[in-house]
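J.: Sequence below, structure please.
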Amino acid sequence: RCLSDWSSDVCSSDLFDSGQVVVGIVARESLASEPESVVQLVKRHIGSGWTFDYGGVSYRAEHISALILRKLAQDAHLLAGPVTSAAITVPAYFNEPMRAATLRAGELAGLDVLGLLSEPTAAALAFGYEQRPAGATGVVVDLGGGTFDVTVMEYDGHDLTVRATGGDAYLGGANFDKVLFDYFVEQFEAAHGVDINDPDALSLEECTQVSQDWLMRANRTKQDLTARDRTTVALQAAGLITRVEVRRDEFLARSRILLDEMTEKMLDVVTAAGVTPREISVVLAVGGSTRMPAVRARITDIFGAPPDTSVRPDEAVALGAALFAAKRQLERGSALMIEAPARDYLERLSVTDVAAHSLGVSAFEEAGGRQRPVMAPLLPRNTALPFAADRTFYTMRPGETRIVVPVLEGESGDPDLCRRVGVVVIDELPPGRPAHQPVKVTMSLNRDALLQVSAADVTTGAEATTTIVHADPAGSDNSAADQAAMTLPVG
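T.: Numbers count the residues shown, from 1 in each chain. Prediction:
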């Protein structure tokens, strides 16, 4: 976790240079001159089939994340000695494949991963440690460089219980940068008649370099507009230069759709928690992008009070992660050099997180004499973790010894409106079975929100083996060929 980043994933920028990897601000500043060698905002891709190709090697998102985590561990080593274990924070809205890939990244970095913690929960933990509220309902609004999370939780002494969480893994400070970038493009074309997005205006190489340069200037402009009503930026392309004045009110007007999306997410999570905005007594804003005046104004409008800033937005998640790591080490019986009051607090601390998404399987049900595909939920959204549930299904055809079941994520009963996050393969069912035989499927999420699945043939008692094959979280192909060959019980 980067403590000095203001509004975007600076620490998540990597520059591949002559067989070496540079992590951090130097990599970000190399975007304009060497865009093909730099990768950033990798959290948006983790758990998917995305790759970054460089030097004839394809790097998956977890490989890039592992390089970042290794660099952070090296930096920590310089300050505090050897680092062998770590807690890793993730956006609350990460699904199970994203969390599993993050865990894998930590392992690839050579770390003993103590656990995964949602970033808003980490921020709430830091605030709870500092303020020790009791009988309070709080909300954390976390707007980072690439993701947006909202979490409602209850503080009760040493107990921190998440009631509901939600957000958007593709909404963050980078989206606001893009708003300013588009404004730059518009103003430059008005001044010179050159549209840098036009493939005939610039060569591919020049277009890439100009785009990355302007995106960095957009990020700096966003920061300037936090403290100033207006600022000026110099733009250069195709041998031409122009100076563009950007006013805060213009930026606000052009960002309204993003702010509206944030408002919708905040209200949705508060409603799911079963409270009203004015029943929230603690409001925390974390992530550098929450420093934007327009974002803070929206938070204040919704909850009737400005966010508490007693814990710095840039440091809240990291401080909470450190407390979480210490608690996990105490649970293991590790010998920690820690003050007695802090040890007592952590030993008594209870942190209960929730499932960010409903999980289930694709099956068929009888409807009007016909069978239709449905999403059969087993693990509902916002259920306290850890949690396990089972459900009995029935095979459709005789002689089945293997069943392929898509694992779905989503709140709709229609599989086509859900996201497929993986596939459960149930093998080794007894041969010669007739149709309509019961199969019991059990799904569980542990306290790190990692999924486990098991299945058993109810008739014979034989255990079936299962395999989770993670799919691209951006995909939602629930084709008929992939539908589970199982039916729900009738009635």
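J.: Only C-alpha atoms from now on, for both contacts and neighbour counts.
T.: OK.
J.: Please, which helix or strand holds residue 77?
T.: According to DSSP states H and E, residue 77 maps onto helix 61-80.
J.: for that helix, what is the average pLDDT?
T.: What helix 61-80 shows for mean pLDDT is 90.
J.: now swap in stretch 126-140 and tell me
T.: On average, stretch 126-140 scores 90.
J.: so who does the closest residue in space to residue 76 that isn't next to it in sequence touch?
T.: Nearest residue to residue 76, sequence neighbours excluded (C-alpha to C-alpha, 6 or more residues apart in numbering): residue 83, at 7.0 Å. Residues near residue 83 by C-alpha atoms under 8 Å, 6 or more residues apart in numbering: 73, 74, 76, 77, 111.
J.: quick one on the thing from earlier: strands paired with the following helix or strand past the helix holding residue 77, and their directions?
T.: Next along the chain after helix 61-80, taking DSSP H and E as the criterion, comes strand 85-90. Sheet pairing for strand 85-90, assigned by DSSP bridges, gives strand 112-118 (parallel).
J.: what's next to whichever helix or strand comes after the partner strand, contact-wise?
T.: Note on strand 112-118: by DSSP H and E, the next helix or strand toward the C-terminus is helix 119-131. Residues from elsewhere that reach helix 119-131, judged by C-alpha under 8 Å, 6+ apart: 89-92, 140-142, 149-151, 155, 160, 162, 284, 286, 310-311, 316-321, 323-324, 353.
J.: go with 6 Å
T.: Residues outside helix 119-131 that contact it (C-alpha atoms under 6 Å, 6 or more residues apart in numbering) are 89, 90, 91, 140, 316, 317, 319, 320, 321.
J.: and if you look at stretch 339-349?
T.: With C-alpha under 6 Å, 6+ apart as the test, stretch 339-349 has contacts from 158, 159, 327.
J.: Show me those residues that map onto strands.
T.: If you go by DSSP state E, those have residue 159 in strands.
J.: re the thing from before, what subset of the contacts of residue 83 is buried?
T.: Among the contacts of residue 83, those scoring as buried are 73, 111 (criterion: 16 or more other C-alpha atoms under 10 Å).
J.: Make CSV out of the contacts of residue 83 and add distance to residue 187.
T.: Shown next, in CSV, are these (distance: C-alpha to C-alpha, whole Å):
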residue, distance to residue 187
73, 43
74, 44
76, 44
77, 47
111, 48
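J.: What is the subsequent helix or strand relative to the host helix or strand of residue 163?
T.: Assessed by DSSP H and E, residue 163 sits inside strand 159-168. Next helix or strand after strand 159-168 toward the C-terminus (DSSP H and E): helix 173-192.
J.: Can you name every helix or strand that that following helix contacts?
T.: Here helix 173-192 touches helix 204-227, going by 3 or more C-alpha pairs under 6 Å, 6 or more residues apart in numbering; DSSP states H and E.
J.: how distant is the helix it packs on from the center of its chain?
T.: 24 Å (C-alpha atoms, centre = their mean, to the nearest Å).
J.: re earlier: any idea which of the contacts of stretch 339-349 has the most stuff around it?
T.: Among the contacts of stretch 339-349, residue 327 has the most neighbours (other C-alpha atoms under 10 Å), with 21 neighbours.
J.: which ones are touching that residue?
T.: Contacts of residue 327 by C-alpha under 6 Å, 6+ apart are residue 346.
J.: rerun at 8 Å
T.: 346, 347.
J.: ok, now the one 3 residues further on?
T.: Applying C-alpha under 8 Å, 6+ apart, one finds that residue 330 lies in contact with 336, 347.
J.: Between strand 85-90 and the helix or strand that contains it, find me the angle.
T.: Using DSSP H and E, residue 330 sits within helix 316-331. Interaxial angle of helix 316-331 relative to strand 85-90 (axes from the mean of the first three to the mean of the last three C-alpha atoms, to 10 degrees): 140 degrees.
J.: avg pLDDT for helix 316-331?
T.: Here helix 316-331 scores 93 as its mean pLDDT.
J.: Start the count at 179 instead of 1 going forward.
T.: Sure, I'll start counting at 179 from here, so that last one is helix 494-509.
J.: If you count neighbours, what's buried in it?
T.: Result for helix 494-509 [16+ other C-alpha under 10 Å]: buried residues 494-507.
J.: Measure how far that helix is from the centre of its chain, please.
T.: Between the centre of helix 494-509 and the centre of its chain there are 19 Å (C-alpha atoms, centre = their mean).
J.: Report the angle between whatever helix or strand comes next after it and helix 494-509.
T.: Following helix 494-509 in sequence order, the next helix or strand is helix 518-526 (DSSP H and E). Computed with the same axes, to 10 degrees, the direction of helix 518-526 lies at 80 degrees from that of helix 494-509.
J.: Give me the sheet partners of the next helix or strand after helix 518-526 and which way each runs.
T.: As assigned by DSSP H and E, the chain's next helix or strand after helix 518-526 is strand 528-530. Paired neighbours of strand 528-530 in the sheet (DSSP bridges): strand 337-346 (parallel).
J.: quick one: contacts of the strand it pairs with?
T.: 270-271, 299, 303, 325-333, 443-444, 446-448, 450-451, 527-534, 560, 562.
J.: ChimeraX command to pick out the buried ones of those?
T.: Applied in ChimeraX, the following selects the buried portion of those according to 16+ other C-alpha under 10 Å:
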select :270,271,299,303,325,326,327,328,329,330,331,332,333,443,444,446,447,448,450,451,527,529,530,531,532,533,534,560,562
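J.: Identify those among the contacts of strand 337-346 that sit within helices.
T.: Counting by DSSP state H, the contacts of strand 337-346 place 299, 303, 443, 444, 446, 447, 448, 450 in helices.
J.: ok, the last one - contacts?
T.: Right, the one you point to is residue 450. Counting by C-alpha under 8 Å, 6+ apart, residue 450 has contacts residue 342.
J.: what's the pLDDT at it?
T.: Confidence score, pLDDT, at residue 450: 94.
J.: tell me the contacts of residue 286?
T.: Residue 286 is in contact with 241, 244, counting by C-alpha under 8 Å, 6+ apart.
J.: Got the phi and psi for it?
T.: Dihedral angles of residue 286 (phi, psi; degrees, to the nearest 10) stand at phi -60, psi -30.
J.: List the beta-bridge partners for residue 567.
T.: Bridge pairing for residue 567 (DSSP bridges) gives the partners residue 621.
J.: As a quick check, tell me the outermost residue of this structure.
T.: residue 610 (44.8 Å; C-alpha atoms, centre = their mean).
J.: Check the gap between the closest residue in space to residue 331 that isn't next to it in sequence and residue 561 for me.
T.: Nearest residue to residue 331 in three dimensions, chain neighbours excluded: residue 340, at 4.1 Å (C-alpha to C-alpha, 6+ apart). Per C-alpha to C-alpha, to the nearest Å, residue 340 is found 9 Å from residue 561.
J.: what do these two both touch?
T.: What both residue 340 and residue 561 touch, as defined by C-alpha under 8 Å, 6+ apart, is the set residue 532.
J.: neighbour count winner among those two?
T.: residue 340 (27 against 19).
J.: got a list of what residue 507 touches?
T.: 292, 514.
J.: just checking, residue 380 is part of a strand?
T.: No - counting by DSSP: H, G, I helix; E, B strand; the rest coil, residue 380 is not part of a strand but coil.
J.: Give me the neighbour count for it.
T.: Look at residue 380: counted by other C-alpha under 10 Å, it has 17 neighbours.
J.: what does residue 245 give?
T.: 20.
J.: ok so, going back, and the ones in helices among the contacts of strand 337-346 as JSON lines, adding distance to residue 405?
T.: Shown next, in JSON lines, are these (distance: C-alpha to C-alpha, whole Å):
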{"residue": "299", "distance to residue 405": "29"}
{"residue": "303", "distance to residue 405": "29"}
{"residue": "443", "distance to residue 405": "26"}
{"residue": "444", "distance to residue 405": "25"}
{"residue": "446", "distance to residue 405": "30"}
{"residue": "447", "distance to residue 405": "30"}
{"residue": "448", "distance to residue 405": "30"}
{"residue": "450", "distance to residue 405": "35"}
